[in-house]
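[1] Have a look at this prediction, sequence included:
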Amino acid sequence: MALKMSKKGLLRVSEIFYSLQGEGLYTGTPSLFMRTFGCNFTCSGFGMPKGELSKERELVDPSKYKTYDDLPLVHTGCDSYPSWDIRFKHLSPMLDVKAIVDRMQELLPDGKFGNVHLVITGGEPLLGWQKQYPALLKEIYKRDMDLGFVTFETNGTQKLSEDLINTLNDYKDFLEVTFSISSKLSSSGEKWKEAIRPDNVSTYFAITNSKHYFKWVCTSPDDLQDVQKAEQEYKQAGIKIPIYLMPCGGTEKLYLKNQHWLAKICLANGYRYSQRLHLNLFGNQWGT
């Protein structure tokens, strides 16, 4: 879903919340999450039999809900569906960077980041909203909030803008940037050529003080073939970074069903296993 920027300095934000990072490299790390609205994918294949797409989110009537937190979870398809489904756009307000940073300060211990990580997620946070991140970072540093770590949780299909690259490199002496790249395998329901984009991922390495890893959602043991295929395509482009495999599961029941066979695949093939800690702790509620 393409997003048009209506006014300079505004972002459409679905959620801002403080929790523990539940996935990937920094699992268990206190983190401030900002979830932007909009995505170029729907990932309707998650949790579905091969070749079928979920329509579960379409059964949710947006007129019945006035807040993001009241929305029901789904068992199949994308578990963050209201962050990109246009029917729920009214639940994601347009905010200027000052209002966003005000909310961050309200949520953070003593109003500062310190050891708390900033996680910019979605949806797909590297769509048009990335044009606003330089202003967002500038406002954070203007307030002396001691930000030292930021993670972009991306599907790896978008290039970094030159402006964002330059801004992040300007902060390289005191800001560590991580790209958690959740490329979508075939089981997501997305087209391979659109989902696996080494050309765009390569732009993330232009950030001087940065870390990178893949975090791929697996729905069945058959996904191993796609994992290995994607790994080779990225390697051929010179991208060799850690690979985390994470069980599909928008609910705890589905997650628990998938974790054991995936753990065995990780052990047998040398991949890293990513749990979904927030599911264990909070049941995948909004704001966690």
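    Looks like it arrived, so ask away.

[2] Lys215: what secondary structure?
    strand (DSSP: H, G, I helix; E, B strand; the rest coil).

[3] Count residues in the vicinity of Asp70, would you?
    Using other Cβ atoms under 10 Å, Asp70 has 10 neighbouring residues. All C-beta atoms are positioned from the backbone trio N, CA, C, and that covers glycine.

[4] Can you check the pLDDT for it?
    Predicted confidence (pLDDT) for Asp70: 91.

[5] Tell me the spacing between it and Leu91.
    9 Å (Cβ to Cβ, to the nearest Å).

[6] what about the stretch 1-150 of the chain, any weak spots by pLDDT?
    By pLDDT under 70, the weakly predicted segments of the stretch 1-150 of the chain are 1-8.

[7] again, 50 this time
    Applying pLDDT under 50 to the stretch 1-150 of the chain flags the ranges 1-6.

[8] Now do the strands in it.
    10-20, 30-36, 94-96, 117-121, 149-154 (DSSP state E, counting those that start in this stretch).

[9] quick one, which of the ones you listed is packed in tightest?
    Mean neighbour count (mean count of other Cβ atoms under 10 Å) peaks for strand 149-154 among the strands of the stretch 1-150 of the chain, with a mean of 23.

[10] in its sheet, what does that one sit against?
    Sheet pairing of strand 149-154 (DSSP bridges) gives strand 117-121 (parallel), strand 176-181 (parallel).

[11] who touches that strand?
    21, 26, 31, 113, 116-122, 124-126, 137, 175-182 (Cβ atoms under 8 Å, 6 or more residues apart in numbering).

[12] Could you do stretch 97-116 as well?
    Applying Cβ under 8 Å, 6+ apart, the contact partners of stretch 97-116 are 9, 11, 13, 16-18, 29-32, 34, 118, 132, 135-136, 138-140, 143-149.

[13] from the chain's centre, how far out does it sit?
    Offset of stretch 97-116 from its chain centre (Cα atoms, centre = their mean, to the nearest Å): 20 Å.

[14] what's the single longest helix in this protein?
    Assignment by DSSP state H gives helix 252-269 as the longest helix of the chain.

[15] Need the residues that contact that helix.
    47, 75, 218-221, 224, 227-228, 245-249, 271-273, 275-276, 279-280, 283-284.

[16] redo that, cut-off 7 Å
    The contact list for helix 252-269 (Cβ atoms under 7 Å, 6 or more residues apart in numbering) reads 47, 75, 218, 221, 224, 245, 247-249, 272-273, 276, 279, 283.

[17] what's the answer for stretch 167-179, then?
    The contact list for stretch 167-179 (Cβ under 7 Å, 6+ apart) reads 25, 134, 137, 147-152, 154, 204, 207-212.

[18] Can you show me the helices along the chain?
    Counting by DSSP H, the chain has helices at residues 97-107, 133-142, 162-170, 192-195, 198-201, 223-236, 252-269, 277-282.

[19] okay if I get those as TSV plus distance to Leu53 and mean neighbour count?
    Formatted as TSV, the helices of the chain follow (distance: least, Cβ to Cβ, whole Å; neighbours: other Cβ atoms under 10 Å):
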stretch	distance to Leu53	mean neighbour count
helix 97-107	34	17
helix 133-142	32	18
helix 162-170	33	16
helix 192-195	15	14
helix 198-201	25	16
helix 223-236	17	16
helix 252-269	17	14
helix 277-282	23	16
